[in-house]
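Peer 1: Quick one, structure for this:
(4 chains)
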Protein chains: 4
Amino acid sequence: MTALPSTVDMFDLRMSDKAKPLYEAVKKFIADEVEPKTEEYFKLGEGRAERWGYGEGQLELLESIKSKAKEQGLWNFFLPDAETGEGLSNLDYAYIAIELGKNPIASECLNCSAPDTGNMEVLERVGTPEQKEQWLKPLLNGEIRSAYVMTEPDVASSDAKQISCRAERDGDEYVINGEKYYASGAGDPRCKIYIVMLQTDPDGPPHKRQSQILVPADTPGVQILGPMHVFGEDDAPHGHMHIRFDNVRVPASNMLLGEGRGFEISQLRLGPGRIHHCMRSVGAAERALELMVKRGLTREAFGKPLSRLGKNPEVIAKARIEIEACRRMVLTAAKAMDELGNAEARVWVSAVKAMVPIRTCAIVDEAIQIHGATGVSQWTPLARMYASQRTLRLADGPDEVHWFVVGRAETASHEEASRDYDPKVTYYENLENSSADGIFSGP
Amino acid sequence: MTALPSTVDMFDLRMSDKAKPLYEAVKKFIADEVEPKTEEYFKLGEGRAERWGYGEGQLELLESIKSKAKEQGLWNFFLPDAETGEGLSNLDYAYIAIELGKNPIASECLNCSAPDTGNMEVLERVGTPEQKEQWLKPLLNGEIRSAYVMTEPDVASSDAKQISCRAERDGDEYVINGEKYYASGAGDPRCKIYIVMLQTDPDGPPHKRQSQILVPADTPGVQILGPMHVFGEDDAPHGHMHIRFDNVRVPASNMLLGEGRGFEISQLRLGPGRIHHCMRSVGAAERALELMVKRGLTREAFGKPLSRLGKNPEVIAKARIEIEACRRMVLTAAKAMDELGNAEARVWVSAVKAMVPIRTCAIVDEAIQIHGATGVSQWTPLARMYASQRTLRLADGPDEVHWFVVGRAETASHEEASRDYDPKVTYYENLENSSADGIFSGP
Amino acid sequence: MTALPSTVDMFDLRMSDKAKPLYEAVKKFIADEVEPKTEEYFKLGEGRAERWGYGEGQLELLESIKSKAKEQGLWNFFLPDAETGEGLSNLDYAYIAIELGKNPIASECLNCSAPDTGNMEVLERVGTPEQKEQWLKPLLNGEIRSAYVMTEPDVASSDAKQISCRAERDGDEYVINGEKYYASGAGDPRCKIYIVMLQTDPDGPPHKRQSQILVPADTPGVQILGPMHVFGEDDAPHGHMHIRFDNVRVPASNMLLGEGRGFEISQLRLGPGRIHHCMRSVGAAERALELMVKRGLTREAFGKPLSRLGKNPEVIAKARIEIEACRRMVLTAAKAMDELGNAEARVWVSAVKAMVPIRTCAIVDEAIQIHGATGVSQWTPLARMYASQRTLRLADGPDEVHWFVVGRAETASHEEASRDYDPKVTYYENLENSSADGIFSGP
Amino acid sequence: MTALPSTVDMFDLRMSDKAKPLYEAVKKFIADEVEPKTEEYFKLGEGRAERWGYGEGQLELLESIKSKAKEQGLWNFFLPDAETGEGLSNLDYAYIAIELGKNPIASECLNCSAPDTGNMEVLERVGTPEQKEQWLKPLLNGEIRSAYVMTEPDVASSDAKQISCRAERDGDEYVINGEKYYASGAGDPRCKIYIVMLQTDPDGPPHKRQSQILVPADTPGVQILGPMHVFGEDDAPHGHMHIRFDNVRVPASNMLLGEGRGFEISQLRLGPGRIHHCMRSVGAAERALELMVKRGLTREAFGKPLSRLGKNPEVIAKARIEIEACRRMVLTAAKAMDELGNAEARVWVSAVKAMVPIRTCAIVDEAIQIHGATGVSQWTPLARMYASQRTLRLADGPDEVHWFVVGRAETASHEEASRDYDPKVTYYENLENSSADGIFSGP
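Peer 2: Down below sits the predicted model:
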């Protein structure tokens, strides 16, 4: 009956009792250990010798926070329902990820930052024991970082059937050729492993043409052509890299899950990846609103604080309402994943992916406006938040694809009941018979 | 920390187990008893002798449905937490009211229609035993109907301090003079009693100037000047009446709660009244989306069903997303009333009142557009739904007032933390020191 | 290079010197003769014996105004570039039509009201001498009225190829069968002639299947099934009629222009018809803004006139800016018709048809909001203006069709230049070479 | 009668015959001399030794283009109605500036780039012969560049009364202390002179407190604290500088026009400055639409070019319509300045300043969306265009100030006519008397 299936339990959006202490611990950890070090962390990066490296003491500072987090067990909790039975539900993780979204390094401090989370999840689910030993283990330990290499400059990758970067089998190896871009995180010197979406069978059925293969960053033939910018930022040293694969050879055992199963892995990965973005977006929107109101309270023009001037109270109100709506939709989508499984919850994830970043963009934009020129400057996090949220409207499928997914599902859900639709269904008063019939008819 | 207070339990939006059978019974009753009779009900009204009356057999049909409902106990369940301990929570009622919003006579069939619900709630809470006996009892029995007479043509009643219709004490009576309009339901011949907001003390403190007084519809001096229209409809025989009070005398015992306590009663009444509107709006939006999709599936242009043409899949997706967001916000506001009480939940109610009708309007408007000319006609319920939802953006406080309430509360919630706000809070990389300082300074 | 062709002269949007005295005379006539009688005109219609007729003295009042107008030569000036060399340019007419749009009966007083204007234009251009004598002459004299019968309830008529109401040749006659609706003006007892769009050759090439045929209103078999409503209004006695043609026989000489040439006539007619609507829309928007500001100045809430409260100054500013933008676009489209001819100006007409009514709707809606409940009532013209402007978004092609026309033309205009488009066209500073190349490449 | 005064001649928006050859020459010059060198120009800047300097050969290239332009007389034509009688009208300049807005270095090549244009205009109008000799002459020759230093980080400078950077008279000198930021262009090593808005009389009447004073960039005490960013870009070597004035001493003869006349100069300067921005915005929007369509034509997804997918044709249509509306409004505002003078045209300038950048932002944003990730990258000019247009919504007065100016003027224009406004002005059919009166009145 609707694009977005629901069950009674999906209306219970409470955090579990089990997660509450963790949630409180995370909030406390961010407040006590992350926020006070954030400015220092970025300052240590200024003037560093290598743009694609770290400043003196910068990584040490980060590692010291990570160690504390790991010690306190605030680590890797993004992995829901893992084999071991450990792990948070998506719903519980949502509460935490919203908090992570308010600070730019909190995710990494708790080993919960993209794209590692998605990569670890893939390895955990479909990796061979050897693959897990070699790559999942150091990722889970926060010793290395990783990239997910999917998007291509030459085709609209939102239509994944078009992916054209090739991997050809040659004996015990795959030989990879082609170009990718926006490989986020590939700028970091700690980034050691890529999961790469590749075309292995150009003539196969559309959803069986692709595979995902592990490619170590230091494999010969991997050429970083340069960093892609995001609204003028290169986001060094994280970076979004433009990469050419030039006869890159990897062992056939680097294949994940099996040839032709690239789409399957995407489905596994993209649901969580997308909703994690949306969770953090809610946190970002919350932070933008906080800055908007604080600026409004402390800045005066024409004899009034900006928060009381003109339409500003309405702007603030709309932001608060939008955030609460987004929060509940994100929590519901997370719960849908818990209740229905990722496949059944797919349309829910598209719904929040189409809903949340665009509205967060609008809220950040209003926060910029109320800050005046300072809003677009480096003095507040707002310009960078805007760039990042705006990019999210393209990453992991542009809004248009997600709207289409939801629209198609909604339409399909009414298909049967529509057979005999006759718009003259009204039961409202109708003057036809009483007052007009016969009066004007020809004789 | 936010305009919209929340508790953990406010995230449990599930219907109670107790309410489920009732909810199912209501859905079944509407499907089996109300929907199949709705068209007949309206047809019986056509060509009736009196515009402000009912057609032959029309009321009999309605009463027969009401009797069945009462028999089955599907009656008066809008009253939450009543003295007796009976009654539904606001949250449980929300689920039911959303269903009621899909059919134009369902509310009345179950004795849950505005403005009677609000009036009964007021009488139940603050009425004297005599007032209850005389008016509440027949209302609870569905024997009479009532009106709430607040809005005035000559002042912006959204600023209730301005209300100027006077009641002056004269011995054991109040003498009422002035004009009111949009007294909804006062057109119905069954409407026997008004609750009227009146100015009793023009010089008192702003929030103590008003009182609410019971005025029987047949009191001498009550003049119905005529029906106010809503986008060209007079909504006969329900109607929205323009009334003049010309030396209308009622006994002093008709005063509700006490002189000067009109605002108090408003607060009591408006919360539920507003949220009930929003609940039904969600139902209306749901119905509009259903019609939109059905039309889209069954109408072709340029070789495609409209549901697949141009932006239409996106329009449909956005409507679904908006409805789910509104549904969850309305449920949350209802739960807030249950958990925090009406006073504490006041800003939540404003939030949904500002959010839901405007978005429902937009969805209905899109449904109209996809129906073409049929969309504005009497053949579908859409034009009337639009008129009604559009009016809701003005009734019980225009959107602007509710945005202001939320905006002011949000701002206030940050007041203390904003004292020392300095927008230069960023911890992001900053080129100032490293690359520019000193270079351009004058010698 | 663009969807909207322009010439240097199209930037000269001044009224011609020739038209100025006429324009001034029209403004004076409306102010002196029409406005003061408008209320009386409608009052005379109240309580009339027949809903689809006129009140005592009502038509006499109208005729007396029309006579004065005709005497003063303020008559029929909608016809541009007529054979005789008389007539206004589209540009000059635009200035006048904007004025007409501000009053609900001004157009008819000057014999410039739809759909007669379009029908007269068609007859003037393609009518035979006999057709002109019989129908054009009394129309030009304002003695009868007419209807244009095109839209069908059973197909999306925006895709005109789908029109299915049939006319079959039978000897010297055509036999017509099928249903039409929203035949505006067909409710008026003075309406004597219809121009009907009919399918004459279901198997012909898509654009040659239709013809337009004159059908006198009193032809046997013409059945008025009833009035279609527009947001609850039946607009009696003008009306928008639902008509069945049941073996209606008309002489073959009633064919306009020739069998299979229905589209040709549409093209001739629709351009002017659409732009005339848009001209009047600008007048309507201007009137709505005037009412909005006047209400804002004279109504207080929370201690301030509404015009200074919250976002209202911004709402007012945006309305003014929008109106001036719409005015200039409408004038330009009119000038395009003068300079380029109706065929070449076709996309310009679509552009203003897609632009103006939707923005006028928004302005009227804001004017409603600032009036509170009075805004949706019969006390101001706003609710009816909204209904009428909203309907215009569907009439003569829904917005979607016009956006599509403009979008397709814009795209086509770039087709050639796009062959070698490579998005990497930037000439902005690019860090790729300088800072990243080589650093991360595998060895 | 309206916020935006108009005369008949203001509807003649044609370029003058005099300007046509110049306009054609400019277009040809940009196509032949500027576009082909633009990429090289930026490439020469890459990897330069100093971030706030130029690459080897980069300035030489620029100078060689400038020389050609000067030779051909394509130079300094921004100055309208200059003393000598030379100069373009604002309207003629608008046509040219729209072209300049399409290329990032065209303005400078023709010595028409901000903020030099505004500064030259001020010097030309109010400078003393000595000031002109020293600063205007080299600026007119394109030998040096300049900055306009107005905005302050510590107050909302949109309310100019709040400006607090102090200049105190001390003998024959002014001593300047305080902070300014977003001094655009002050990063350029060729920038030799600032015009600085300063508070000279804190206790004077609000509009007489400020003065504008010439401050050479190399005056001791001028400290460049660093570059302000715009969405992550420092726009080196142009730059937007954060400057501290620390006991900076300039001769009293550097005062422009006279102490306390700072506002007067602002009025003189801001009108042209603002409208020049809007002219170039129209060019930018035109360029964004071109890229949007080209991308749409050459990129496929789901089996269709993007230009035909989903809502994209509508997005393209709306952009074209918006651009044509903006173009005509900008031309009208320019003509208003020509016809009415800058003072009378003030509200027109606010109207286009509030209208054009926000709509250009939206068009650029849609162009980004259709480019996918490439849209936010450095490969297209779109991300930078967005940053620049977004900033324009803050520069020279935020949108809010301009909406307020227009709204206030519109309201004022109706003040007199509103005295007796009674919303019950409708002349539409009214059922009150006929059908309801008396029926329900109490006996």
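Peer 1: quick one: A:Leu22 and A:Leu74 touch, right?
Peer 2: Yes. Look at A:Leu22 against A:Leu74 with Cβ atoms under 8 Å: they come within range, at 7.3 Å. From N, CA and C alone the C-beta is placed, and that goes for glycine too.
Peer 1: Quick one: the strands in chain A, in order.
Peer 2: Remark: strands assigned in chain A by DSSP state E are A:145-149, A:166-170, A:173-184, A:191-199, A:210-216, A:222-227, A:240-251, A:300-301, A:304-305.
Peer 1: Could you identify which of these is most buried?
Peer 2: strand A:145-149 (a mean of 26; mean count of other Cβ atoms under 10 Å in any protein chain shown).
Peer 1: which helices and strands does it pack with?
Peer 2: Packing partners of strand A:145-149 (3 or more Cβ pairs under 8 Å, 6 or more residues apart in numbering or on different chains; DSSP states H and E): helix A:116-126, strand A:173-184, strand A:191-199.
Peer 1: on that earlier part again, need the strands of chain A in JSON lines with distance to D:Glu322 and mean pLDDT, can you?
Peer 2: As requested, these are exported to JSON lines (distance: least, Cβ to Cβ, whole Å; pLDDT from 0 to 100):
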{"stretch": "strand A:145-149", "distance to D:Glu322": "37", "mean pLDDT": "97"}
{"stretch": "strand A:166-170", "distance to D:Glu322": "42", "mean pLDDT": "97"}
{"stretch": "strand A:173-184", "distance to D:Glu322": "30", "mean pLDDT": "97"}
{"stretch": "strand A:191-199", "distance to D:Glu322": "38", "mean pLDDT": "97"}
{"stretch": "strand A:210-216", "distance to D:Glu322": "40", "mean pLDDT": "97"}
{"stretch": "strand A:222-227", "distance to D:Glu322": "34", "mean pLDDT": "94"}
{"stretch": "strand A:240-251", "distance to D:Glu322": "31", "mean pLDDT": "97"}
{"stretch": "strand A:300-301", "distance to D:Glu322": "29", "mean pLDDT": "92"}
{"stretch": "strand A:304-305", "distance to D:Glu322": "33", "mean pLDDT": "94"}
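Peer 1: First-to-last residue distance for stretch A:218-238?
Peer 2: Start-to-end span of stretch A:218-238 (Cα to Cα, to the nearest Å) is 17 Å.
Peer 1: How many residues are close by the spatially closest residue to A:Leu306 that is not a sequence neighbour?
Peer 2: Closest residue to A:Leu306 apart from its sequence neighbours, by Cβ to Cβ, 6 or more residues apart in numbering or on different chains: A:Gly296 at 4.4 Å. By other Cβ atoms under 10 Å in any protein chain shown, 27 other residues sit near A:Gly296.
Peer 1: Next up, the contacts around A:Gly296.
Peer 2: A:305-308, A:312, A:316, A:370, B:411 (Cβ atoms under 8 Å, 6 or more residues apart in numbering or on different chains).
Peer 1: What residues does A:Ile65 make contact with?
Peer 2: With the criterion set at Cβ under 8 Å, 6+ apart, A:Ile65 makes contact with A:33-34, A:37, A:109.
Peer 1: Need the max-distance pair from those residues.
Peer 2: A:Lys37 and A:Cys109 (8.8 Å; Cβ to Cβ).
Peer 1: more crowded one of the two?
Peer 2: Taking other Cβ under 10 Å, A:Lys37 and A:Cys109 do not tie; A:Cys109 has more neighbours (30 against 18).
Peer 1: right, and that one touches A:Val34 too?
Peer 2: Yes. In this structure, A:Cys109 is within contact of A:Val34 by Cβ under 8 Å, at 5.4 Å.
Peer 1: For the residue of the stretch 101-250 of chain A found nearest chain C, name its beta-bridge partners.
Peer 2: Closest to chain C within the stretch 101-250 of chain A is A:Gly226: 3.0 Å, counting by Cβ to the nearest Cβ. A:Gly226 has these beta-bridge partners by DSSP bridges: A:His242.
Peer 1: so where's chain A shaky on pLDDT?
Peer 2: A:1, A:80-86, A:424-443 (pLDDT under 70).
Peer 1: middle-most residue in it, spatially?
Peer 2: Centroid-nearest residue in chain A, with Cα atoms, centre = their mean: A:His277, separated by 2.6 Å.
Peer 1: How is chain A partitioned into domains?
Peer 2: Chain A is divided into the following domains under automatic domain parsing: A:8-144, A:146-256, A:263-418.
Peer 1: which stretch among those comes nearest D:Ala284?
Peer 2: Nearest of those (Cβ to Cβ): domain A:146-256, 15.8 Å.
Peer 1: Compute the first-to-last residue distance for that closest one.
Peer 2: Domain A:146-256 has its terminal residues 15 Å apart, counting by Cα to Cα.
Peer 1: give me every residue that touches A:Val352.
Peer 2: Neighbouring residues of A:Val352 by Cβ under 8 Å, 6+ apart: A:274-275, A:278, A:326, A:329-330, A:333.
Peer 1: A:Glu152 now?
Peer 2: A:163-165, A:178-181.
Peer 1: can you list those residues in TSV and add distance to C:Ala345?
Peer 2: Shown next, in TSV, are the contacts of A:Glu152 (distance: Cβ to Cβ, whole Å):
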residue	distance to C:Ala345
A:Ile163	45
A:Ser164	45
A:Cys165	49
A:Gly178	49
A:Glu179	46
A:Lys180	48
A:Tyr181	44
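Peer 1: how close does whichever residue of the stretch 1-150 of chain A sits closest to chain D get to B:Glu173?
Peer 2: Per Cβ to the nearest Cβ, A:Met150 is where the stretch 1-150 of chain A lies closest to chain D, at 10.7 Å. A:Met150 sits 80 Å away from B:Glu173, going by Cβ to Cβ, to the nearest Å.
Peer 1: cool, A:Glu179 as well?
Peer 2: From A:Glu179 across to B:Glu173, the span is 89 Å (Cβ to Cβ).
Peer 1: Indicate the residue of the stretch 51-200 of chain A located nearest to chain B.
Peer 2: A:Pro104 (7.0 Å).
Peer 1: Quick check: that residue touching A:Glu39?
Peer 2: No. Between A:Pro104 and A:Glu39 there is no contact under Cβ under 8 Å: 10.7 Å.
Peer 1: where along chain A do the helices fall?
Peer 2: A:19-29, A:35-45, A:58-71, A:90-100, A:106-109, A:116-126, A:129-131, A:137-140, A:262-298, A:312-344, A:346-371, A:382-392, A:399-413 (DSSP state H).
Peer 1: Go through the third one and flag the buried ones.
Peer 2: When burial is assessed from 16 or more other Cβ atoms under 10 Å in any protein chain shown, helix A:58-71 yields the following buried residues: A:58-59, A:61-62, A:65-66, A:69-70.
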